[in-house]
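**Student:** Got a sequence here, can you model it:
(2 chains)
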Amino acid sequence: MKRHRWWHIPLGAPALLLLWYVLTRDGLVSPFVLAKPESVVSALLTQGRSSSLWVDIGMTTYRALSGLILSAICGIPLGLFLGYVGKAYRHVALPLDIIRSIPSATLFPIFILAFGIGNASKVAVVFYGCFFLVVMAAVYGGRGTSDRPKRILMIHSLRATPFQVFRYVVLPDALPNILSGLRIAASIAFVLVVVTEMFLGANSGLGKRSTTCICLIVYLTCTLHCYSLGYLVT
Amino acid sequence: MLSVSAVSKAYVQADGRTTEVLRDVSLTASVGEIVVIRGANGSGKSTLLRLISGLEKPTGGSVTVNGGEPEKAELGFMFQDYVGSMLPWMSLRENATLPLRLKKRPRPERNSALQEAIESTGLTNIPFNHLPQESSGGQQQKTGFLRAILSSKQFVILDEPFSSLDRLGEDSIRNWIQRMRVAQKALVVLVVHDLDDAIFLADRIYCLDGSPTTVKDVVAVPLAWPRDPSIRLSTEFLAIRQRILSASLNATT
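**Tutor:** Numbering: from 1, shown residues only, chains lettered A, B, ... in the order given. I've put the predicted structure just below:
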């Protein structure tokens, strides 16, 4: 059992709060650029009482996670296959690079035409933005580390079935790559959802709420949304 | 029963040229025998072991185990690279009992089989709850040995099993091999560099040499089992030693 000492407590978050407090206390930074922490907390307490904030957070999360999970379901097996079978990847590398270089934002009109302005188009944008990230991470995972051939030889000597080779060697070997890809994709998913909610038209969601707030110049509310977004992303 | 007849193996390299590693290698062994393979570094010993175990196909000749294809035979293979053949995401216990997990044996059965193997070999000082990278090379090598014998005790291939073991570990494995020989239940194929170890443990020694590698000499070791360590000082032992040494001297000159 490791002994816990005070310096083991992560200090990043308290330090950030302190910095925020110091910067805003005496108007060093204008409250229009950065609101005071206590104003944000009181805004959260006021708005948290009505259900609409939670509905917005829920909708944004729902859209982001749907797109992310869909991209993981499609992207991980495809990427693992492409990485594992090197010859297959050689054939699709160029088309994959071309398609994934198109920014999702430029495809908004196409997504609206194809899926309308409801949830489907927003999830599709997230899917498009995350899919290639997940595929590329899984490709690198599927290629395997330098020790993988030895491990595969070992498990073949135990007469493992192809599924067991995958389950006990290929997948765990690829997992660190896949997880870091998913983590990056998760942040991108929330960024994309908020942007789609701002510009593709939405009845709810944190992006929609932010634009409304900007129109009403209720800046505090906006700040609050930015913070709750930051929390969701991490 | 293992039968390797006139086997050759060539690899195609990245630049398209083929390199022949083994040529016309023949070897037989039956259950209850211990066969030792000797040869210099890079002489194709490990390649021969991969052919025997069915992990690779020969380019010429044939390998059969009990009359069938070698890749279908149950086998305990202890790899020379004991670190590279460990799964770093599993504890040493899970690594050692992996053969039973692949056969879908329940956890209590796996653990009691491991306990039994530890007791029968006398291998101690293995931190089974640690990951491979948290334990020493020798501890991983012992785990590799336990994994091999939990996979099969009838057909065992040991590729340099003593390379990083302490004296106690070496003796445990040596004694285990000897007990299996006396019980006449196992076929053991062994690669060792130490000549005294080779003679001490072998029924027959295959000396590999040349490029591509061929069998230069097959030396029978007709010493009675079980063998006491003091046998290393007997005249028969020393005569066999002399014969192999002079043959290898001729081979390198």
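
**Student:** which stretch of helix or strand covers the residue minimising distance to the centre of chain A?
**Tutor:** Nearest to the mean C-alpha position of chain A, by Cα atoms, centre = their mean, lies A:Ala186 at 1.4 Å. Assessed by DSSP states H and E, A:Ala186 sits inside helix A:171-199.

**Student:** same question for that helix, mean pLDDT?
**Tutor:** Taken as a whole, helix A:171-199 carries a mean pLDDT of 90.

**Student:** List the buried residues of that helix.
**Tutor:** A:171-174, A:177-178, A:181-182, A:185-186, A:188-198 (16 or more other Cβ atoms under 10 Å in any protein chain shown). For the C-beta atoms, the positions are set from N, CA and C on the backbone; glycine is no exception.

**Student:** Look up how far A:Arg148 lies from the residue of the stretch 151-253 of chain B found nearest chain A.
**Tutor:** When scored by Cβ to the nearest Cβ, the stretch 151-253 of chain B has B:Ser151 as its residue closest to chain A, at 5.3 Å. Going from B:Ser151 to A:Arg148 by Cβ to Cβ, to the nearest Å gives 20 Å.

**Student:** Those two: which has the busier surroundings?
**Tutor:** B:Ser151 (22 against 16; other Cβ atoms under 10 Å in any protein chain shown).

**Student:** if you skip the residues just before and after it, what's nearest to the more buried one?
**Tutor:** With sequence-adjacent residues excluded and distances taken as Cβ to Cβ, 6 or more residues apart in numbering or on different chains, B:Ser151 is closest to B:Pro99, at 3.7 Å.

**Student:** isn't there a helix covering the one you found?
**Tutor:** Yes - assignment of B:Pro99 by DSSP: H, G, I helix; E, B strand; the rest coil places it within a helix.

**Student:** for it, what are its contacts?
**Tutor:** B:Pro99 makes contact with A:158, B:76, B:147, B:150-152 under the criterion Cβ atoms under 8 Å, 6 or more residues apart in numbering or on different chains.

**Student:** repeat that with 7 Å
**Tutor:** A:158, B:147, B:150-151 (Cβ atoms under 7 Å, 6 or more residues apart in numbering or on different chains).

**Student:** With B:Gly137 instead?
**Tutor:** B:83, B:164.

**Student:** so what's residue 117 closest to, chain neighbours aside?
**Tutor:** You didn't pick a chain, so chain A it is. Using Cβ to Cβ, 6+ apart, the closest residue to A:Ile117 is A:Gly201 (4.7 Å).

**Student:** not quite, I wanted chain B
**Tutor:** B:Leu146 (5.3 Å).

**Student:** and if you look at A:Tyr21?
**Tutor:** Closest to A:Tyr21 by Cβ to Cβ, 6+ apart is A:Pro37, at 5.6 Å.

**Student:** The one you found: how many residues sit nearby?
**Tutor:** 17.

**Student:** A:Val33 now?
**Tutor:** Using other Cβ under 10 Å: A:Val33 sits among 10 other residues.

**Student:** Quick one: classify it as helix, strand or coil.
**Tutor:** Per three-state DSSP, A:Val33 ends up coil.

**Student:** Distance check, it against B:Pro106.
**Tutor:** A:Val33 is 63 Å from B:Pro106, by Cβ to Cβ.

**Student:** Shouldn't B:Leu51 be within a helix?
**Tutor:** Yes - judged by three-state DSSP, B:Leu51 forms part of a helix.

**Student:** could you pull out the helices for the stretch 151-253 of chain B?
**Tutor:** Counting by DSSP state H, counting those that start in this stretch, the stretch 151-253 of chain B has helices at residues B:167-183, B:195-201, B:235-252.

**Student:** No further queries at this time; thank you.
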